[in-house]
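Chemist: Here is the input, now give the coordinates:
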Amino acid sequence: MNPFIVCATRSMKNYASGVIQHLSKYISFSKISDQINGLDLLNTDRFADGEMEVSVNYSIRGKDVIIFSSSARNEADINVEEAKLELYHAIDSLMRCQANRIIVFEPFISCSRSDRTTRRSSVGLWVHLKTLSSLGASHIVTFQLHSDKSKTMVDPSKCAIDDIPALTLLKKYLCDKYIKTVDFLENEVRANWAFCSVDAGGEKLARVFANSFGAPLVVAHKQRDYSKPNTIESINILSADPVEGKNLWIVDDMIDTANSVEKLIRVLSNLKPKEINIISVHALFSPPAVEKLEALCKEGLLYRMIVTDTVCCSAYKQNIHGLEIVQSEELASQIVKAVINNESMSNLMQPFNAGKYLSRKQ
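Modeler: Model (predicted):
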């Protein structure tokens, strides 16, 4: 194991601290005793004219550096542009201090949906990944990219990229909190639950989720107006089984403005399901998402919403009834352990089977 240090930009210091605590389960304390100091490794200054400078407070020569950062809504309330710029400056300063490897861990890459050319647009994800690798990042780690093809934007001869399927966290959470036994899975979930895509493009994601539990799949076919962002014209529901009386789980990788999911829930409610729930990895909650979701809860149309903490959203628990946040820090610590030990992460990429998971727990 090469000497390493875990640090963070201002946007994710608390998250990184949680990762370090979990990391002590896998690595002896003597090897991570200096990691707490890593949270004070970077210092960010702003000049009078607004320019930024990030400095390294002590020597990291020859060490592997795992840096946590977020450009989405974050604990320090730093906006997208400033958070990205701080990360870029941090990588540059780490390179100048002769770090051995720089591993950038962004639980959610905020520009992940900007992954294709439309009209005469820039491609935000390409710009971001290209900047990280050009500055000196040797490895990028994230949870649940918006598209598999996004990984092809990184030149593997210069920088590795690992996209960990955080939906597995949500599947385990469902098993642990709501299913609990193989008997309930076989007799209740497979008979009375269904998993629904938010649109045709999300069918693959929802299908994988449904297959994990052996439950039916419902596909929502959404017609968009691509001349305007976040605009939907109509939604058609495709299902081999009746939706009436079922517990529906809408599966998506992220909830942004909630325009799509709000319209979908109102369409699904006409089919008289027992309840409608949302399960999603990234809780962006861009305005007016919170107001829309809160209204759906008050109208009795949305029963429960399960998300992860890849985007800071704990402040909204008081607004959105039934919001449950699944912690990802322990999974992140397992990834850090694998990276610093040069171990395979294939076990974190394996398809999830609810029956096998519950059988092992009983």
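Chemist: if I read this right, residue 54 contacts residue 89, doesn't it?
Modeler: Yes - at 3.9 Å, residue 54 and residue 89 qualify as touching, with contact defined as C-beta atoms under 8 Å. (Glycine included, C-beta is placed from N, CA and C.)
Chemist: where do the contact lists of these two overlap?
Modeler: Common neighbours of residue 54 and residue 89 (criterion: C-beta atoms under 8 Å, 6 or more residues apart in numbering): residue 44.
Chemist: show me what contacts residue 276?
Modeler: Contacts of residue 276 (C-beta under 8 Å, 6+ apart): 248, 250, 265, 268, 269, 301, 302, 303.
Chemist: Let's see the ChimeraX selection covering just the buried ones among these.
Modeler: Burial among the contacts of residue 276 is assessed by 16 or more other C-beta atoms under 10 Å; the matching ChimeraX selection reads:
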select :248,250,265,268,269,301,302,303
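Chemist: Among the contacts of residue 276, which one lies nearest to residue 95?
Modeler: Closest approach between those and residue 95, by C-beta to C-beta: residue 250, at 42.9 Å.
Chemist: Might you list the low-confidence residue ranges for this protein?
Modeler: Low-confidence segments of the chain (pLDDT under 70): 28-37, 223-233.
Chemist: All the helices of it, residue numbers only.
Modeler: Under the criterion DSSP state H, helices of the chain are mapped to 13-23, 29-32, 35-38, 80-96, 124-135, 167-174, 182-184, 190-192, 203-213, 259-269, 289-298, 329-340, 346-349, 354-361.
Chemist: And for the first one, what's in contact with it?
Modeler: Think helix 13-23. Contact with helix 13-23 is made by 6-8, 32, 35-36, 38-39, 68, 70, 75-76, 107, 309, 327, 329-330, 332-334, 336-337, as judged by C-beta under 8 Å, 6+ apart.
Chemist: correct me, but residue 284 touches residue 73?
Modeler: Yes - using C-beta under 8 Å, residue 284 is in contact with residue 73, at 7.2 Å.
Chemist: Tell me the residues that contact both of these two, please.
Modeler: Taking C-beta under 8 Å, 6+ apart as the contact rule, residue 284 and residue 73 both touch residue 311.
Chemist: Which phi and psi values does the residue of the chain most remote from its centre adopt?
Modeler: Here the chain reaches farthest from its C-alpha mean at residue 48, the gap being 35.3 Å by C-alpha atoms, centre = their mean. According to degrees, to the nearest 10, the main-chain angles of residue 48 amount to phi -60, psi -30.
Chemist: next one: residue 181
Modeler: For residue 181, the backbone dihedrals (degrees, to the nearest 10) come out as phi -130, psi 160.
Chemist: Wait, it touches residue 358, no?
Modeler: Yes - counting by C-beta under 8 Å, residue 358 is a contact partner of residue 181 at 6.4 Å.
Chemist: so how many other residues sit close to the nearest residue to residue 122 once chain neighbours are set aside?
Modeler: Nearest residue to residue 122, sequence neighbours excluded (C-beta to C-beta, 6 or more residues apart in numbering): residue 114, at 7.5 Å. The burial count assigned to residue 114 is 19, neighbours taken as other C-beta atoms under 10 Å.
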